[in-house]
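# Sequence and predicted structure, then a few things I'm wondering about:
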Amino acid sequence: MILETERLTLQQFTLADAPFILELLNSASWIKYIGDRKINTIEDAEKYLLNGPIKNYQNTELGLCLVKTKKENVSIGMCGLIKRDTLKDTDIGFAFLPQFEGKGYGFESASAVIKKAKEELKFNRIVAITVNYNHQSIKLLEKLGMTLEGNIYMEGDDEELMLFAI
């Protein structure tokens with residue numbers, strides 16, 4: 001999924017993005033709201049990319065994308081669509097480095113992803129999941145027009161998640 005917005009580009013991850021992944025997945029907000037994925041080295045980050053986003057591109061033509069600023073060409077986060085085995089519907093995911101949160105990048109990138117999903121990929125429904133204490137994410141999902149449908153547990157996880165849909 002390659003997209004452009006007014007301020008951002010969304011592009012597929014490559015192994016060259018491993019240093020960025022190492023930084024993002026070890027940021028305080030990622031660990032607090034998404035969880036510690038035990039990505040401690042560049043090699044771990046490369047494995048994460050190969051077994052996650054890059055594998056998804058090959059198998060589903062979906063996946064999380066690298067979000068970069070157009071003007072400075074700086075990697076700031078990720079956003080994209082994921083088809084998880086544990087969810088009936090495709091879900092949207094996003095995460096940004098802490099210094100880029102609260103600047104509208106999440107809304108801008110997620111809006112573009114949802115628009116593409118509906119208009120080009122012809123998705124009728126997109127879901128999102130988050131923990132109930134991630135107030136920024138909940139606010140963003142609501143701003144995107146998503147509504148809370150209930151709470152779920154993902155297979156193998158004992159933390160209750162909120163399920164939103166549009």
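Great, that's in hand.
# Which residues does stretch 119-133 contact?
33, 81, 87, 89-93, 114, 117-118, 137-138, 141, 146, 149, 151-152, 154, 159-166 (CB atoms under 8 Å, 6 or more residues apart in numbering). For every residue, glycine as well, the C-beta is placed using N, CA and C.
# repeat that with 7 Å
By CB atoms under 7 Å, 6 or more residues apart in numbering, the surrounding residues in contact with stretch 119-133 are 33, 87, 89-92, 114, 117, 137-138, 141, 146, 159, 161-166.
# for it, what is the average pLDDT?
Here stretch 119-133 scores 95 as its mean pLDDT.
# Just the endpoints, please. Distance across that stretch?
Start to finish, the residues bounding stretch 119-133 are 32 Å apart (CA to CA, to the nearest Å).
# mind listing what's buried in that stretch?
123, 126-131 (16 or more other CB atoms under 10 Å).
# Which two among the residues you listed are spaced furthest apart?
Phe123 and Val131 (24.2 Å; CB to CB).
# about what we covered before: counting only helices, which of the buried residues of stretch 119-133 make the cut?
Among these, no residue falls in helices (DSSP state H).
# Can I get those residues in TSV including distance to Lys47?
Below are these laid out as TSV (distance: CB to CB, whole Å):
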residue	distance to Lys47
Phe123	29
Ile126	28
Val127	27
Ala128	26
Ile129	23
Thr130	25
Val131	25
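# Which members of those residues occur in strands, if any?
127-131 (DSSP state E).
# wait, which of those residues is closest to Asn73?
The closest of these, once distances to Asn73 are taken by CB to CB, is Ala128, at 28.0 Å.
# From Lys143, how far out is that closest one?
Going from Ala128 to Lys143 by CB to CB, to the nearest Å gives 12 Å.
# Could you do Lys116 as well?
When Lys116 is compared with Lys143 (using CB to CB), they lie 18 Å apart.
# Between these two, which is the more surrounded one?
The neighbour comparison of Lys116 against Lys143 (other CB atoms under 10 Å) goes to Lys116, with 17 against 13.
# That's all I had, so thanks and see you.
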